[in-house]
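> give the three-dimensional model of this entry:
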Amino acid sequence: MRRDRHGRGLRGALYPSTLPAAASRAERFDALVLDALEPIEARWRHELTKLDVAVDDVPEVRSDGAPTGVDGVLHDGAVPLSRLVPAGVDRAGLPTRARIVLYRRPLEARAKDPAELAELVHDVLVEQVAGYLGVEPDVIEGE
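From the prediction side, this is the model:
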């Protein structure tokens, strides 16, 4: 439910939740990432068992204004589009899995239309998976 405007009561959803138009931009982006990851995962399933893929809205920024994780895929050297976080140990001493983080807002800002966004997400995923596996991006997409 949405806010109460001008005392007319709470607003309901415009579309039923079963229709694609009811999905938020973040939900549509998550679905786009899953669609882009599916063929990569089908081919490299055994090598990617210890890799997680996550989506964040924007990259974290340090106090000096520089983005953290400069190992990510950069566009024009400014804002990272994604980041590969290697496996390691967290602050509590627990082991963590390797993770690819895609940043939704920078990716959406660089795409002119949904088809270009899908292609950009695919390209960034291929590049990050290639970096994780230590191979060239052409090997990931090759048949």
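> going along the chain, name the strands of the chain.
Counting by DSSP state E, one finds strands in the chain at the ranges 51-56, 74-75, 79-80, 82-85, 88-89, 95-96, 98-103.
> mean pLDDT lowest for which of the ones you listed?
By mean pLDDT, the lowest-scoring of the strands of the chain turns out to be strand 74-75, with a mean of 50.
> shouldn't Arg25 be in contact with Glu108?
Yes. At 7.4 Å, Arg25 counts as touching Glu108 under the criterion of CB atoms under 8 Å. (Each C-beta comes from the backbone N, C-alpha and C, glycine too.)
> ok, these two, which is more surrounded?
For Arg25 versus Glu108, the count of surrounding residues by other CB atoms under 10 Å is larger for Glu108: 18 against 11.
> got the contact list for stretch 130-143?
40, 43-44, 47-48, 51, 84, 98, 100, 126-127, 129 (CB atoms under 8 Å, 6 or more residues apart in numbering).
> quick one: those as CSV, columns for neighbour count too.
Shown next, in CSV, are those (neighbours: other CB atoms under 10 Å):
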residue, neighbour count
Ile40, 19
Arg43, 15
Trp44, 18
Glu47, 13
Leu48, 18
Leu51, 18
Leu84, 19
Ala98, 14
Ile100, 25
Val126, 19
Glu127, 19
Val129, 25
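> give the residue spans of this protein that score low on pLDDT.
When residues are selected by pLDDT under 70, those of the chain lie in 1-5, 8-15, 17, 20-22, 62-77, 143.
> residue nearest the centroid of it?
The chain has Leu102 as the residue nearest its centroid, 2.7 Å off, counting by CA atoms, centre = their mean.
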